[in-house]
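K.L.:
sharing a model prediction with you, sequence too.
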Amino acid sequence: MEETSTTTTEETTLAENNVEATKGDAAEANNAKQIKETPVADNISFLVVFNKQKLKISWSASDTIANLKAHLHDTTGVPPALQKLMFKGLVKDEQKLSEAGIVNGSKMMLVGSKLTDVILATTKASDKPSSSAEEEKPKKEPLSKQKPHAKIVDGGIPDDAMPAYKNGHENLPEVPLCGMVNKYGHKVRLTFKLESDQVWIGTKERTDKVNMTSIKQVVSEPIHGHEEYHMLALQRGPTEQSRYWIYWVPAQYVKGIKDLILGQWQLF
């Protein structure tokens with residue numbers, strides 16, 4: 001009798017141990033499943049606006065802007081060297097997304113052109129025959145080499161200037177044009193408010209809200225030695241003294257600016 005009792009007790013203990021082991025394995029498997037299903041806390045979700053596209057991006061906050069540009073190259077076709085990413089100003093390649101202040105729900109702007117578009121625009125310009133009459137005209141000194149323009153231009157292209165190329169045209173982006181300077185060397189941005197027919201000229205000190213119908217003329221000329229950028233003036237009065245000069249305007253947006261502003265004026 002004692003031997004039978006001992007055997008039964010051992011079998012009961014063994015069964016209990018098996019149950020506990022099974023529970024332990026199930027708990028461990030459940031924990032592993034939870035870890036696997038838990039999203040990476042380091043990833044952030046944000047938008048990148050490119051022309052009229054809104055790209056939804058999920059990216060590691062600890063990764064660099066340079067790696068993000070490589071990913072955007074595959075998505076948009078714009079090479080990293082021709083990309084400029086804007087978020088509260090120009091972000092730099094070596095920055096991590098967290099260092100640039102990008103968080104869930106942020107909206108970045110991508111400015112740049114596909115290499116094929118740049119090559120096509122350049123090819124069309126080189127194939128255009130030159131007029132002999134134009135060649136015979138005496139060349140005027142570029143505005144950018146005249147005082148007081150030269151002192152601004154000699155400061156060089158601003159670090160946050162938007163990407164630019166010559167002999168091509170693009171529609172104005174949905175975000176303000178920035179990375180430009182005025183005749184005082186102060187940073188300038190242009191915001192076009194179609195709903196109110198206004199162009200907002202913003203500096204660090206103030207923002208002037210100018211009715212497009214008050215602008216009589218828009219004058220522009222390529223900057224000598226940097227023809228991918230223009231110097232552009234908004235003339236509000238009858239004389240040249242009323243011109244507000246802006247430097248380092250990307251050449252591909254100049255036609256869009258003129259069409260938008262002067263188009264509003266020409267309706268009357």
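P.N.:
Yes, it's here.

K.L.:
what residues are up against residue 179?
P.N.:
Contacts were defined as CB atoms under 8 Å, 6 or more residues apart in numbering; by that measure residue 179 touches 90, 158, 160-162, 187, 248. The C-beta positions use only the backbone N, C-alpha and C, and glycine is treated the same way.

K.L.:
same thing with residue 250?
P.N.:
Residues counted as contacts of residue 250 (CB under 8 Å, 6+ apart) are 161-165, 177, 228-230.

K.L.:
did I read that right, residue 55 in a strand?
P.N.:
Yes - when DSSP: H, G, I helix; E, B strand; the rest coil is applied, residue 55 is found to be in a strand.

K.L.:
that one: what's it in contact with?
P.N.:
Residues in contact with residue 55 (CB under 8 Å, 6+ apart) are 47-49, 72, 75-76.

K.L.:
swap in residue 155?
P.N.:
Each residue near residue 155 by CB under 8 Å, 6+ apart is listed here: 181, 185.

K.L.:
any idea which element it lies in?
P.N.:
Secondary-structure assignment from DSSP states H and E places residue 155 in no helical or strand segment.

K.L.:
who's residue 47 bridged to?
P.N.:
Counting by DSSP bridges, residue 47 forms beta bridges with residue 56, residue 107.

K.L.:
wait, it touches residue 53, no?
P.N.:
No - applying CB atoms under 8 Å, one finds residue 47 not in contact with residue 53, separated by 9.8 Å.

K.L.:
tell me which of these two has more neighbours.
P.N.:
In this view residue 47 and residue 53 are compared by other CB atoms under 10 Å, and residue 47 has more residues nearby, 15 against 11.

K.L.:
what are the boundaries of the helices in the protein?
P.N.:
Secondary structure of the chain (DSSP state H): helices located at 2-37, 65-76, 115-127, 132-136, 149-153, 254-266.

K.L.:
measure the residue lying closest to residue 143 once chain neighbours are set aside to residue 69 for me?
P.N.:
Nearest-residue entry for residue 143: residue 221, 5.0 Å, with adjacent residues in sequence omitted and distances by CB to CB, 6 or more residues apart in numbering. Distance check for residue 221 against residue 69: by CB to CB, to the nearest Å, it reads 32 Å.

K.L.:
neighbour-wise, which of the two wins?
P.N.:
residue 69 (22 against 16).

K.L.:
start and end of stretch 159-178, how far apart?
P.N.:
The stretch stretch 159-178 measures 11 Å between its terminal residues, going by CA to CA, to the nearest Å.
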